[in-house]
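Undergrad: here is my input; please provide its structure:
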Amino acid sequence: MKISIVTETFLPSTDGVVTRLRASIDYLIDQGHEIQVIAPDLGVRSYRNIRFDGVKPRTFFLYKHRKFGMPTRLIKTYLEDFNPDLVHVVNPAFMGYSGIKYGKKLGVPLIASYHTHAPKYADYYNVPWAEPLLWWHFRRMHNQADLNLCTSKAILEELNEQNFYNVQLWKRGVDTERFNPKLRNQEMRERLTNGNADKTLLLFVGRLAFEKEIDTLIPMLEEKQDAHLAIIGDGPYREELEKNFSHLSNVTFTGFMHGEELATAYASSDAFMFPSTTETLGLVILEAMASGLPVIAAESGPTNEQVEDGETGLLYQSGKDGNLTSTISRLEEDDLLKRMSKQAFSHSRAFGWHGPAQQLLDIYESALDLGQEQEGQQAIQ
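TA: Residues are numbered from 1 along each chain as shown. Predicted coordinates:
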């Protein structure tokens, strides 16, 4: 099968969408399928001998810290030249609009997947009037696809409420070989805590953006001086975050980590912090669990699907009347941290990438079979 993937984000970016895509592409290639990726050209033009077609990235005036591929007729040329059997548009927003438009015109099965809960960001950026416009924009694109995928049951229900058509759940996954508690390392622990390895080491991993709600951890850290937070990642909000946390000595900013270094950082920590309430899934939650970390997470629909309170982690209420500090204090209870660590690791073992990747291939093949069946029926008529 020849598969065209039009995506708003790809290498060298590091986020949940890219992680999922790489795992899926690896599996599809190993199964003998031919892959084209059309993505913003950010300097990485090759990956496992796939065909890569780049779109010149540009800065978007509302989000100047990141470059995006914009709608372009060039995508039509790329698609027609590759002549795919199926088109998958990942997270359509900007250049994904052209992926939807020209993918539809090819007359092959068209699949779209929803990964970023952009309409919910409107409140965080003080433009609540934009939320219905954003829903209209995303609904208009997704409803041209033959099938829409999303990554949690809560988001599936919300998309159905917003009148998105033909929505199906795409299961979550994690690299169960890379992330493992056996990588725990005292030297890494010393590094992440600035030499205070005896403290409870809390870890955050992700893009540093306002909507990640990392600031909400400050009051807890002010009170819990026996805890230390390591923040791994970078992004448009890093400078502001460093200013906001500057009065605290129990915080470390590391910048990006990748590969074995990142896996070692996970395994060398005690618990994982997930303060965001706008995520569609949060693959870092499973990476943490696979590393033997319980997850301390703000309650939200998608997160509640992954974290079982008191078993694989602890859930807390976010906001001014939240209970994060008292929730963190529960880690001092006898054997709770140790027991949740074991449960989190055990839970993660069922979520290797093979299952979600095979599911995606099954979806592709079903869409292709349905398209051929419909063509046959039209020919008979």
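Undergrad: strands along the stretch 251-381 of the chain, start to end?
TA: Counting by DSSP state E, counting those that start in this stretch, the stretch 251-381 of the chain has these strands, from start to end: 251-255, 271-274, 295-298, 313-316.
Undergrad: a markdown table for these, including mean neighbour count, distance to Phe179 and mean pLDDT?
TA: C-beta: built from backbone N, CA, C; applies to glycine. Shown next, in a markdown table, are the strands of the stretch 251-381 of the chain (neighbours: other CB atoms under 10 Å; distance: least, CB to CB, whole Å; pLDDT from 0 to 100):
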| stretch | mean neighbour count | distance to Phe179 | mean pLDDT |
| --- | --- | --- | --- |
| strand 251-255 | 17 | 17 | 98 |
| strand 271-274 | 25 | 11 | 98 |
| strand 295-298 | 26 | 13 | 98 |
| strand 313-316 | 23 | 16 | 98 |
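Undergrad: so Leu336 makes contact with Ile328?
TA: No: contact criterion CB atoms under 8 Å: Leu336 and Ile328 do not qualify, at 11.6 Å.
Undergrad: those two - which one has more neighbours?
TA: For the pair Leu336 and Ile328, the greater number of neighbours falls to Ile328 (23 against 14), based on other CB atoms under 10 Å.
Undergrad: wait, doesn't that one sit right on Ala297?
TA: No: using CB under 8 Å as the test, Ile328 is too far from Ala297 to be in contact (11.9 Å).
Undergrad: buried sites along stretch 286-300?
TA: For stretch 286-300, a neighbour-count test (16 or more other CB atoms under 10 Å) marks 286-298, 300 as buried.
Undergrad: one more: stretch 18-27?
TA: Judged by neighbour count (16+ other CB under 10 Å), stretch 18-27 contains these buried residues: 18-25, 27.
Undergrad: which one of those is nearest Tyr121?
TA: The nearest member of the buried residues of stretch 18-27 to Tyr121, counting by CB to CB, is Val18 at 19.3 Å.
Undergrad: Three-state assignment for the closest one, please.
TA: Following DSSP: H, G, I helix; E, B strand; the rest coil, we place Val18 in the helix state.
Undergrad: turn the strands of the stretch 251-381 of the chain into a markdown table, columns for distance to Ser46.
TA: Listed next are the strands of the stretch 251-381 of the chain as a markdown table, based on distance: least, CB to CB, whole Å:
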| stretch | distance to Ser46 |
| --- | --- |
| strand 251-255 | 25 |
| strand 271-274 | 33 |
| strand 295-298 | 35 |
| strand 313-316 | 38 |
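Undergrad: so which of the ones you listed comes closest to Thr72?
TA: strand 251-255 (32.3 Å).
Undergrad: regarding the protein, what is its longest helix?
TA: Longest helix in the chain, counting residues (DSSP state H): helix 354-380.
Undergrad: buried residues in that one?
TA: Buried positions in helix 354-380, judged by neighbour count with 16+ other CB under 10 Å: 356-357, 359-361, 363-364, 367-368, 371.
Undergrad: report how many residues lie close to Glu240.
TA: With other CB under 10 Å as criterion, Glu240 counts 12.
Undergrad: still on that earlier bit, the buried residues of stretch 286-300: which two are farthest apart?
TA: Pairwise distances across those peak at 23.5 Å for Gly292 and Ser300 (criterion: CB to CB).
Undergrad: of all the residues in stretch 103-121, which ones are buried?
TA: Quick answer for stretch 103-121 (16+ other CB under 10 Å): 103, 106, 108-121.
Undergrad: show me which of the residues you listed is closest to Glu161.
TA: Pro119 (11.9 Å).
Undergrad: what's that closest one in contact with, if anything?
TA: Contact partners of Pro119, counting by CB atoms under 8 Å, 6 or more residues apart in numbering, are 131, 134-135, 138.
Undergrad: next, it: phi, psi?
TA: Here is the backbone geometry of Pro119 (degrees, to the nearest 10): phi -60, psi -30.
Undergrad: tally of neighbours for the residue lying closest to it once chain neighbours are set aside?
TA: Leaving out its chain neighbours, the residue that sits closest to Pro119 by CB to CB, 6 or more residues apart in numbering is Leu134, at 4.1 Å. Leu134: 17 surrounding residues under other CB under 10 Å.
Undergrad: kind regards, and thank you for your time.
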